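Peer 1: Have a look at this prediction, sequence included:
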Amino acid sequence: MWSPSELSEAEFRLLHRHLRARAPGGASRRGALDTITEEHVLAAVREVRTGRTVSLAAPVDTRTGPDNADPAQHRLTAPAGGKPGESGLEFARDRFAMNIHGDVDSHLDALCHVVYDGTLHGGVPAADVLSPDGASALSVDLARDGIAGRGVLLDIPRLHGVPWLEPGVHVRAEDLAAAEARQGVRVGRGDILLVRVGHRRRREELGPWDVADARAGLHPTALEFLAEREVAVLGGDGNNDTAPSAVRGVAFPVHVLAVHAMGLHLLDHLRFEDLTPICAQEGRWSFLCVIAPLRLPTATGSPVNPLAIL
């Protein structure tokens, strides 16, 4: 149905309409989070066998780099000058600030993050929701009670016998299906799907680069796989989109399809390098996954430290 590599804008809009028509349409406006029921959470808890917890977040990066022009800021505000006195009581205090949607730090994209044709997910007029004070609807507050469910990690470089996918390489639906078969796991309704492309490992071993020009990610047509399986959340160790884009005129097609059309909260720039060897050693690629965004009622996203509990 779709062109093998590059999509025209007309083809992309057809795919967008196709996926939007299949998206969960609950009155709660929580998007695909509605696929995670209490029964799904209880089933995910039964994935826990050893009680081991693993962080899926990268350390917050406060250094300027080719992919981090606006780095997070962290400084000690007390004691003055960072020098405590020799007697009496003092408190060490600090201040933290972040560009939530940067290209390095791990974060969650809310459903108000993507504006396409003047609308947000569900056809909500963006002008009615967004203001200098934030978003009055579809904000990260939809996930204020946390996201807990069955996490499934598909390791695409492992499938192809390489440490990482080179920038510009697309992950397609057939790659996701092949990784399932190789790893002996199947993605299902309400799952938190995590797709490793090796972006983080490449950055750690070779150094940062300008990811706006080149990065590995999902091909837009791979979102059909997610729609068929009715996943609840999509996460990656890059930003889920490939660069250069596979769609002429749309720089972030996966963001548009996932967030705007399908109502998927996205997890960008995670880190799977601690989890992958554990999954390989234990021969299982599913686990309880817990994501707790900050309580930022009108924010378009949040820094996160997702946990895999095995």
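Peer 2: Happy to help now that I have it.

Peer 1: who's in contact with residue 258?
Peer 2: Residues in contact with residue 258 (CB atoms under 8 Å, 6 or more residues apart in numbering) are 223, 226, 234, 240, 264, 266. The way it works is simple: take the backbone N, C-alpha and C, and place the C-beta from them, glycine included.

Peer 1: hmm, try it at 6 Å
Peer 2: By CB atoms under 6 Å, 6 or more residues apart in numbering, the residues touching residue 258 are 234, 264, 266.

Peer 1: can you check residue 121 too?
Peer 2: By CB under 6 Å, 6+ apart, residue 121 lies in contact with 31, 111, 260, 263.

Peer 1: from the residues you listed, which single one is nearest residue 79?
Peer 2: residue 111 (42.1 Å; CB to CB).

Peer 1: which SSE is residue 176 in?
Peer 2: Following DSSP states H and E, one finds residue 176 within helix 173-183.

Peer 1: ok, residues contacting that helix?
Peer 2: Contacts for helix 173-183 (CB under 6 Å, 6+ apart): 154, 156, 159, 186, 222, 224-225, 285.

Peer 1: If you count neighbours, what's buried in that helix?
Peer 2: Neighbour-count burial for helix 173-183, counted by 16 or more other CB atoms under 10 Å, picks out 173, 175-176, 179-180, 183.

Peer 1: next SSE after that helix?
Peer 2: For helix 173-183, the following helix or strand on the C-terminal side (DSSP H and E) is strand 192-196.

Peer 1: Run the chain-centre distance for that following strand.
Peer 2: 8 Å (CA atoms, centre = their mean, to the nearest Å).

Peer 1: What of stretch 253-268?
Peer 2: What separates the centre of stretch 253-268 from the centre of its chain is 9 Å, taken as CA atoms, centre = their mean.

Peer 1: Could the C-alpha coordinates of that stretch be exported in CSV?
Peer 2: Below are the C-alpha coordinates for stretch 253-268, written out as CSV (Å, rounded to 0.1, in the frame of the first residue of the first chain):
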residue,chain,number,x,y,z
PRO,A,253,6.4,11.8,10.9
VAL,A,254,6.5,9.2,13.6
HIS,A,255,5.7,11.9,16.2
VAL,A,256,2.8,13.1,14.1
LEU,A,257,1.4,9.6,13.6
ALA,A,258,2.0,8.3,17.2
VAL,A,259,1.0,11.3,19.2
HIS,A,260,-1.5,13.2,16.9
ALA,A,261,-3.1,10.3,15.1
MET,A,262,-2.9,7.4,17.5
GLY,A,263,-2.8,9.1,20.9
LEU,A,264,0.4,7.5,22.0
HIS,A,265,2.6,9.0,24.7
LEU,A,266,6.2,8.9,23.5
LEU,A,267,9.3,8.2,25.5
ASP,A,268,12.3,9.8,23.8
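
Peer 1: any idea which residue sits dead centre in this structure?
Peer 2: residue 267 (1.4 Å; CA atoms, centre = their mean).

Peer 1: That residue pairs with what?
Peer 2: Beta-bridge partners for residue 267, by DSSP bridges, are residue 108, residue 235.

Peer 1: Just give the number of residues close to residue 294.
Peer 2: Residue 294 has 15 neighbours, counted by other CB atoms under 10 Å.

Peer 1: Leaving out sequence neighbours, find the closest residue to it.
Peer 2: Spatial nearest neighbour of residue 294, chain neighbours left out: residue 302 (4.6 Å); criterion: CB to CB, 6 or more residues apart in numbering.

Peer 1: and the one you found, what element?
Peer 2: Here residue 302 sits within strand 301-303, counting by DSSP H and E.

Peer 1: The longest strand anywhere in the chain: partners in the sheet, and parallel or antiparallel?
Peer 2: Criterion DSSP state E: the longest strand present in the chain is strand 147-155. With DSSP bridges as the test, strand 147-155 is paired with strand 192-196 (parallel), strand 286-291 (antiparallel).
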